[in-house]
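[1] how would this look folded up:
(4 chains)
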4 protein chains.
Amino acid sequence: MIISMRARASKEEVDYVCERIREFGFRVHSIEGEERVVIGVVGVGGDVTACLESLEATPGVEKAMRISAPYKFVSKEFRRERTVIRVGSAEIGGDDMVMMAGPCSVESEKQIMETAEAVKAAGAKILRGGAFKPRTSPYDFQGMAEEGLKLLAKAREATGMAIITEVMSDADVPLVAQYADILQIGARNMQNFSLLKSLGKCGRPVMLKRGLSATIKELLMSAEYVVAHGNQHVMLCERGIRTFETATRNTCDISAIPVLNELTHLPVILDPSHAAGKRSIVPALAKAGVAIGADGIIVEVHPCPEKAVSDGAQSLTIEGFQKMMKELKGYIELWKQERMAEMAVTA
Amino acid sequence: MIISMRARASKEEVDYVCERIREFGFRVHSIEGEERVVIGVVGVGGDVTACLESLEATPGVEKAMRISAPYKFVSKEFRRERTVIRVGSAEIGGDDMVMMAGPCSVESEKQIMETAEAVKAAGAKILRGGAFKPRTSPYDFQGMAEEGLKLLAKAREATGMAIITEVMSDADVPLVAQYADILQIGARNMQNFSLLKSLGKCGRPVMLKRGLSATIKELLMSAEYVVAHGNQHVMLCERGIRTFETATRNTCDISAIPVLNELTHLPVILDPSHAAGKRSIVPALAKAGVAIGADGIIVEVHPCPEKAVSDGAQSLTIEGFQKMMKELKGYIELWKQERMAEMAVTA
Amino acid sequence: MIISMRARASKEEVDYVCERIREFGFRVHSIEGEERVVIGVVGVGGDVTACLESLEATPGVEKAMRISAPYKFVSKEFRRERTVIRVGSAEIGGDDMVMMAGPCSVESEKQIMETAEAVKAAGAKILRGGAFKPRTSPYDFQGMAEEGLKLLAKAREATGMAIITEVMSDADVPLVAQYADILQIGARNMQNFSLLKSLGKCGRPVMLKRGLSATIKELLMSAEYVVAHGNQHVMLCERGIRTFETATRNTCDISAIPVLNELTHLPVILDPSHAAGKRSIVPALAKAGVAIGADGIIVEVHPCPEKAVSDGAQSLTIEGFQKMMKELKGYIELWKQERMAEMAVTA
Amino acid sequence: MIISMRARASKEEVDYVCERIREFGFRVHSIEGEERVVIGVVGVGGDVTACLESLEATPGVEKAMRISAPYKFVSKEFRRERTVIRVGSAEIGGDDMVMMAGPCSVESEKQIMETAEAVKAAGAKILRGGAFKPRTSPYDFQGMAEEGLKLLAKAREATGMAIITEVMSDADVPLVAQYADILQIGARNMQNFSLLKSLGKCGRPVMLKRGLSATIKELLMSAEYVVAHGNQHVMLCERGIRTFETATRNTCDISAIPVLNELTHLPVILDPSHAAGKRSIVPALAKAGVAIGADGIIVEVHPCPEKAVSDGAQSLTIEGFQKMMKELKGYIELWKQERMAEMAVTA
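    Model (predicted):
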């Protein structure tokens, strides 16, 4: 921690700050500049956040800056090798680019079965589909709930694909965990801390989507919640952030992928469908995601997007998905070569 | 609804769109421009959102735009007079500028009692204090939970002030509603739809904080959730949005107050503490909030901010709060005159 | 400056960083934490920015943070009393809340004369009007150029009001300075450094508008350009920043006013017209601006907004301006009392 | 154009709006909904922007929406084949992925010659280097000006590479055009309309960088300025936009590339250096840029980044550039195959 005092801070103020730092169990290392005093806070064991917040509120302090990362278990310092999450036949975070595909919402047996078979045939290993739907309007379709989960389970049985589906409330975690292979936390719930805590003991891998205006650091802190409560199988998902640009539904922060790869050992998935908000640029974004080193891609696919109950505009048709998978082939090969080379170095 | 077709859309595409519109129960009014066809969708009774989403996903469509507001009960069209919420001795939305004050977190009996008495004496009618704390880090203080609620109830008994406190999960709503006079929904839970639904039957007024990157329309949609599920006593709170500016913790979107006053009959509260993130500019923001026509101000006050377990940097001291209340006096008088004049016109 | 080394930085890397710091003429103060080395850079006379940029690019360095402000002449450290700029009968930054009003564009003699007389009668001291118009589209009206400047000068002659008008290019500075009392730099030119430099010797006060996505610090740096090139008469203008919110044209960052008041001695003007983008909320924003302590307000007024060649939607009618001025009266009185009290303390 | 009237607009208001539309030379097509009147404006020849702005300011109007694009020459509707810009041995926009590389600033003959030879050998066809530098602070290095241009010309002579360099003011355009092969307009000048106009007759291709908070539509409007003033050789550059995320200097809006490819025939270049702000993630972003279909990549390279006078942290070393070029090889091959396939279809 570094504490920068105001230019006109008095000696008493500086002394009081030093005293407070010691009360929190840290050592003080103060530097007298020409203009102001800057204090280095050294040591382990103390409560860094509490000390930081306290000092920020103390008279004479201009700024208190944390140097160390506020997360621990999810950091690359804690674990240097990539976390690999095995789900069904997929190894997320390993030497396999994992494709997840399916409709935004589960709507009917016919719809989910048809989609599952088609996306499997085209190369997807994991089937997505929402049974609990977070909708901006109370008047919109809210999902088929448990009935939808049952249809997903049926599709798994028929195709052997693993299932990923969203859970919106801590109260629903046990139910969803009963059916799903991966629990998805939506962007609007990334900082639903009650929900995050309940995932610690759910016994299923979790995919945590980045909030609409969440920083990368906050995304990692939310993952830390899940891990700290007992569940190490967390993957992160970049799905676009909210900016002033309206040509796309969100702004795909593609840099988040290499930045996360520097900071954490957890797998990172790209969701080009929500980032784009329109079908026509989804395949291009998927290519960029593979090229930049994501561990997987999750896309929305619907047999008849214009009849979808939600997100039709950004859903690929089945033919669109097949075409995209063909276009991705060369990129996935390059991805594998790079991953292999990396593993050879690490080993 | 207005559907703008692509410049090169075929006749078949236009016809199919018209057919779909009729299937949704609307009438079609098409306009042939020099460049493209634009279709007006007229009628009531159909499902606007479903139709809109469907058309956005239909080939040949460039854009589908909603004209009518997506919310109903919270709109000024539905109800022209201001909603007044009576809590304890306060009338929120009436001819009273309501001050809410108190610590970020309830920390101890001494702390909450001392603060309650002081802020009451200075003019606050409602006591704030968190017992369930949404914290970015799993390692930070998470609140005193029910014990904190009991201390708040004690402070109410001692001072007669009404209590506002946050609830973070639908599972906790009954417990919090047992103690609190107003349930606060934090910015990070503004689109926790499970929580919003559970507030419909909680029997208490609700203060809904705007999400960090929520639009004004989304805030109104979240309020609509609560009202549509049975609870009309909702107040909205502007607490700053997230932008690129880092000189303040958030960017206080002060315009949201007059914009909301044009769109809704619900009361609007300003939270200058979270908007600013630093104590020194809180009083200036509070003045702006009164001048621009907020129905109330909610601020963080702590007897000793540098020992607060959370948000110390943005908490006013008790003296700071007293000073601010004195400075606000003239502004509150002007506010009352304007409110009275408005009521005279409406009556 | 504080240099935070990577957790695994080698001794050689640390030594090289220290050597570089000394080469730049600074002293080194290094702190060995449990996890990493942090280096304090102390001393004056060296080139802080160059040193900082160099270190950021040096192997082993994680982050290089500047502690001191990058601006000098515009800072409150350099000069504690407010800068007062006298223009015509107005004292901007003094004990006078200065109202500036007029059309977006000068369109005709009739239009500018009529507006000037009306806004003067209602209390404005400075007449605004654009002769060079920055327009997003090359096909839109680009302003009357010198002819517009002449009409402004005529309006000054007739009414005694001072004139503020925009200059868009360093090549036009001498011409505009010949006619105008204050040169306005538009938001899109806030970092047009060639233009900023040319203002140093223009002999006229300058109003610098904040860029659409400029930070407060960058706004101050742009002001520093003008002052460093020889012109101390700079006022700053908050006119809204660009965010995701679309209910208003821009988001009025009202907090910028008290933040600037803490950081600089330069006057700060609020432009509620561009911030709002729609007429109906301009008066509310103007009230907030007065209450929060701006030194002046600049608004767009047009005798017939729906026939304005630009910005009609956000222009007040003359009646609207008169009504707003009446509503502001009480707020301006409070403003004066506060300003007087402040001056009494400072004196 | 679509005009949506307020729900309570009077018949007189609607009639007046219709009259105004006809005055502007358009035809009226009005639709009476249950709630409000919506008016379609049809026809060509009238001044769309003027009409739109006027109606937005007219009583009774809620919103006026433009349907057609506000730009013409740069749109895909105007020209369906890609614009190919030939500069030296490069064909930008053709079947060649063009690499541009070089230092942020030209610093010395040795530096620019060494860099030029190295990046040419590694595969770059165009040499970048700044002689006029837009710097946030007046105290920072402002570039070598004409002397820098001369060194660039020398490097061109020695290596045969074409030169791209920034111009900051319309006054400097003739000078810079004398030396440079491509004139670069920096992000902060994207809406310096005086500068844009002066590029119309400069006789050189122009690379227009997207402003920090410019929308894609605004970028196209700025390009339209250059084309409308006589210069068709414009390429666009995505270099990151400003958001709340601070882990990177800017947020690389990678989706802008496919979006621009849908809207315009102009070539699109990606600048991963400014988008990232740190060297380590530049190669990953470059890969994404190639994969998503950019026409070229421009990166900063310096023989010794920690001694660079500017942007060292984001500059690749020469070895770093060589390594990146090797890694890009496979991606560039895929890019070529796709471009060839596209050309085969178009032909």
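[2] which residues does the residue nearest the centre of chain A form a beta bridge with?
    Of all residues in chain A, the one closest to the mean position by Cα atoms, centre = their mean is residue A:236, 2.6 Å from it. On the basis of DSSP bridges, residue A:236 is bridged to residue A:208, residue A:268.
[3] ok, it touching residue A:214?
    No: between residue A:236 and residue A:214 there is no contact under Cβ atoms under 8 Å: 10.7 Å. Glycine gets a C-beta too; all of them are placed from N, C-alpha and C.
[4] Skip the chain neighbours and tell me the closest residue to residue A:155.
    residue A:116 (4.1 Å; Cβ to Cβ, 6 or more residues apart in numbering or on different chains).
[5] what's around that neighbour, how many residues?
    By other Cβ atoms under 10 Å in any protein chain shown, the residues close to residue A:116 number 28.
[6] How about the one 10 residues further on?
    Neighbour count for residue A:126, taken as other Cβ under 10 Å: 27.
[7] cool, and residue A:77?
    Counted with other Cβ under 10 Å, the neighbours of residue A:77 add up to 16.
[8] Could you tell me how far it is located from chain D?
    Using Cβ to the nearest Cβ, to the nearest Å, one obtains 16 Å as the distance from residue A:77 to chain D.
[9] Which residues are in contact with that residue?
    A:69, C:7 (Cβ atoms under 8 Å, 6 or more residues apart in numbering or on different chains).
[10] And what about it, helix, strand or coil?
    coil (DSSP: H, G, I helix; E, B strand; the rest coil).
[11] so the residue of the stretch 51-200 of chain A found nearest chain C is in which element?
    Relative to chain C, the nearest point of the stretch 51-200 of chain A is residue A:67 (5.1 Å; Cβ to the nearest Cβ). Remark: residue A:67 resides in no helix or strand, with elements defined by DSSP states H and E.
[12] Which residues are in contact with it?
    Counted by Cβ under 8 Å, 6+ apart, residue A:67 has contacts A:1, A:2, C:4, C:33, C:36, C:38.
[13] What separation is there between it and residue C:6?
    In this view, residue A:67 and residue C:6 are 11 Å apart by Cβ to Cβ, to the nearest Å.
[14] Give me the common contacts of these two.
    residue C:36.
[15] Would you mind confirming that residue A:274 makes contact with residue A:315?
    No: checked against Cβ under 8 Å, the pair residue A:274 and residue A:315 is beyond contact range at 10.9 Å.
[16] anything in contact with each of the two?
    In the contact map built from Cβ under 8 Å, 6+ apart, the residues linked to both residue A:274 and residue A:315 are residue A:300.
[17] domains of chain A?
    Recorded structural domains for chain A (assignment: automatic domain parsing) are A:2-65, A:85-346.
[18] Of the ones you listed, flag the one that's most buried.
    domain A:85-346 (a mean of 22; mean count of other Cβ atoms under 10 Å in any protein chain shown).
[19] Run the contact check for the helix or strand harbouring residue A:333 versus chain D.
    Element membership for residue A:333 (DSSP H and E) is helix A:318-346. Yes: residues of helix A:318-346 contacting chain D under Cβ under 8 Å from any Cβ of the partner chain: A:327, A:330, A:331, A:334, A:337, A:338.
[20] how much space between residue A:262 and chain C?
    Counting by Cβ to the nearest Cβ, the gap from residue A:262 to chain C is 11 Å.
[21] Report the contact partners of that residue.
    By Cβ under 8 Å, 6+ apart, the contact list for residue A:262 reads A:76, D:280, D:281.
[22] Closest to residue D:174 out of those residues?
    Nearest to residue D:174, judged by Cβ to Cβ, of these is residue D:281 at 38.4 Å.
[23] Setting the sequence-adjacent residues aside, check what's closest to that closest one.
    Spatially, and ignoring its direct neighbours in sequence, residue D:281 is nearest to residue A:258 (4.1 Å; Cβ to Cβ, 6+ apart).
[24] Please apply the same query to residue A:220.
    Residue A:220 sits nearest to residue A:71 (Cβ to Cβ, 6+ apart), 4.9 Å away.
[25] any residues touching stretch A:14-32, and which ones?
    With Cβ under 8 Å, 6+ apart as the criterion, stretch A:14-32 contacts A:1, A:3, A:5, A:37-43, A:45-47, A:50-51, A:54-55, A:58-61, B:306, C:29, C:31, C:40, C:42.
[26] quick one: it to chain centroid distance?
    Centre-to-centre, stretch A:14-32 and its host chain are 37 Å apart (Cα atoms, centre = their mean, to the nearest Å).
[27] Can you get me the start-to-end distance on that stretch?
    11 Å (Cα to Cα, to the nearest Å).
[28] Rounded mean pLDDT for it, please.
    Averaged across stretch A:14-32, pLDDT comes to 92.
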